[in-house]
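Enquirer: structure, please.
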Amino acid sequence: MRNDTSPGRAPGSRKRPALLWLLLPYVLFLAVLPLVNRVTPTVLGLPFLFFWMLVATLATPLAVWLARRADLKRGRG
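Expert: Next up is the predicted model:
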């Protein structure tokens, strides 16, 4: 395990850009919600908001998997 002691950073803290994948569910569920809160258009027979929530729900495990995979590649598994 390497120790990053660059100035301005706490000892032992490291950059972990793979964890940015975990922001995807937050953005899909909360940050974009005011923009997609509408009934029309319909997609696959669903109101747009329901379709958006379905897509966000299916994207969440994908984001977690991508973050885990990137972390394992960096040897943090």
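Enquirer: contacts for stretch 16-32, please.
Expert: Counting by C-beta atoms under 8 Å, 6 or more residues apart in numbering, the neighbours of stretch 16-32 from elsewhere in the structure are 52-53, 55-56, 59-60, 63-64, 66-67, 69-71, 74, 76. Heads up, the C-betas are built off the backbone N, CA and C, glycines and all.
Enquirer: so which of those are in helices?
Expert: 52-53, 55-56, 59-60, 63-64, 66-67, 69-71 (DSSP state H).
Enquirer: beyond the helix or strand bottoming out on mean pLDDT in the chain, next helix or strand please.
Expert: For the chain, scoring each helix and strand by mean pLDDT, DSSP states H and E identifies helix 33-36 as the least confident one, at a mean of 86. Using DSSP states H and E, the helix or strand that follows helix 33-36 in sequence is strand 42-43.
Enquirer: next secondary structure element downstream of that next one?
Expert: Moving toward the C-terminus from strand 42-43, the next helix or strand (DSSP H and E) is strand 46-47.
Enquirer: no further queries at this time; thank you.
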